[in-house]
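1. Build me a structure from this.
(one chain, ligands or ions: 1)
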Amino acid sequence: MIQLQDIQKKIPQTNVLLFDNLNFALNNHQSVAIQGRSGSGKTTLLKILAGFDTRYTGLYKFNGLIVSKDPKKNIKFRKDNIGIITQNYNLLYDRNIQANIQLGLTEKSRNSTKEIKEILSLVGLSKYSTKKISEISGGEAQRVAIARALIKKPKILLADEPTGALDEQTELEILDLFKTIQALGTKLIMVTHSDAVANVCDGKYVLENKRLI
Ligand SMILES: Nc1ncnc2c1ncn2[C@@H]1O[C@H](COP(=O)(O)OP(=O)(O)OP(=O)(O)O)[C@@H](O)[C@H]1O
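-> Below you'll find the model as predicted:
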């Protein structure tokens, strides 16, 4: 489904290679954890998989088709297939939960209250939809970020350190949510420093020496 072939990428504004002949295939995995030292390129790898970072050589194939390196041409690929949860969640703090989740939809479909109700229920936030992001906890903000990424029903959910800032109990709750998401058919690729989080995945890779091992 997802395939990276011989990816070579330099650290921006330098001649230093971050990835050299990096290969990756999602194969039959439902979920994959990516681990590795700080600065090894985990976030950069997620940005390539999301179609945001196209400054590399090598091929990125999705369902057998090459993902364009022209950001204007790969908008449809991103919209149709990819949900992403970034490290700082990128939520609008002065808007409420519902408004933030709606940002995951295209303008045309932003009024779809049924989808919003369903996703609020899935992430356990039905009662809080009108609360502002500035008034909720870190774990709740994480759920909002997950809901916003999932509302358009992506084929793949990419998550960068999804539980990095959470306590153990909230981490367990988010892991349960990821299991539900996988059972609904969304594949998950997540960067994590936590072995407990990596252990819920059925595939594990380490980014080391410019490659995935
Ligand atoms: N836009 C950029 N301009 C210059 N250097 C960059 C840029 N983005 C990333 N880098 C550099 O590329 C390397 C990889 O960064 P990346 O954020 O992908 O690593 P990481 O493995 O996710 O790190 P961490 O675990 O600390 O989040 C780092 O050395 C970083 O400083």
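2. When you work out contacts or count neighbours from here on, use the C-alpha atoms and nothing else.
-> Will do.
3. What are the buried residues along stretch 162-174?
-> P162, T163, T170, E171, I174 (16 or more other CA atoms under 10 Å).
4. what do you get for stretch 30-47?
-> For stretch 30-47, burial by neighbour count (16+ other CA under 10 Å) applies to 30-36, 40-47.
5. show me what contacts L49?
-> Y60 (CA atoms under 8 Å, 6 or more residues apart in numbering).
6. Export the helix or strand where it lies to PDB, keeping only CA atoms.
-> For L49, the enclosing helix or strand under DSSP states H and E is helix 42-50. C-alpha atoms of helix 42-50 as PDB (Å, rounded to 0.1, in the frame of the first residue of the first chain):
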ATOM      1  CA  LYS A  42      11.400  10.700  12.300                       C
ATOM      2  CA  THR A  43       9.400  13.800  11.900                       C
ATOM      3  CA  THR A  44      10.900  14.400   8.500                       C
ATOM      4  CA  LEU A  45       9.900  10.900   7.500                       C
ATOM      5  CA  LEU A  46       6.300  11.400   8.500                       C
ATOM      6  CA  LYS A  47       6.300  14.700   6.500                       C
ATOM      7  CA  ILE A  48       7.400  12.800   3.400                       C
ATOM      8  CA  LEU A  49       4.700  10.100   4.000                       C
ATOM      9  CA  ALA A  50       2.100  12.900   4.400                       C
END
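7. just to revisit the earlier point, mind checking which of the buried residues of stretch 162-174 land in helices?
-> Among those, the ones falling in helices (DSSP state H) are T170, E171, I174.
8. And the first one, how far from L91?
-> Here T170 is placed at a distance of 19 Å from L91 (CA to CA, to the nearest Å).
9. any idea which of the buried residues of stretch 162-174 is closest to the ligand?
-> P162 (11.9 Å; CA to the nearest ligand atom).
10. can you list the residues of this protein near the ligand?
-> I11, P12, R37, S38, G39, S40, G41, K42, T43, T44 (CA under 6 Å from any ligand atom).
11. make it 5 Å
-> I11, P12, S38, G39, S40, G41, K42, T43, T44 (CA under 5 Å from any ligand atom).
12. for the fifth one, helix, strand, or coil?
-> S40 carries the three-state label coil when classified by DSSP: H, G, I helix; E, B strand; the rest coil.
13. ok, it - contacts?
-> With contact set as CA under 8 Å, 6+ apart, S40 has these partners: L18, L207, E208, K210.
14. What are the boundaries of the helices in this structure?
-> All helices of the chain, identified by DSSP H, fall at 42-50, 75-81, 97-102, 113-122, 138-150, 168-183, 195-198.
15. okay if I get these as TSV plus mean pLDDT?
-> Formatted as TSV, those follow (pLDDT from 0 to 100):
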stretch	mean pLDDT
helix 42-50	96
helix 75-81	91
helix 97-102	92
helix 113-122	88
helix 138-150	91
helix 168-183	86
helix 195-198	88
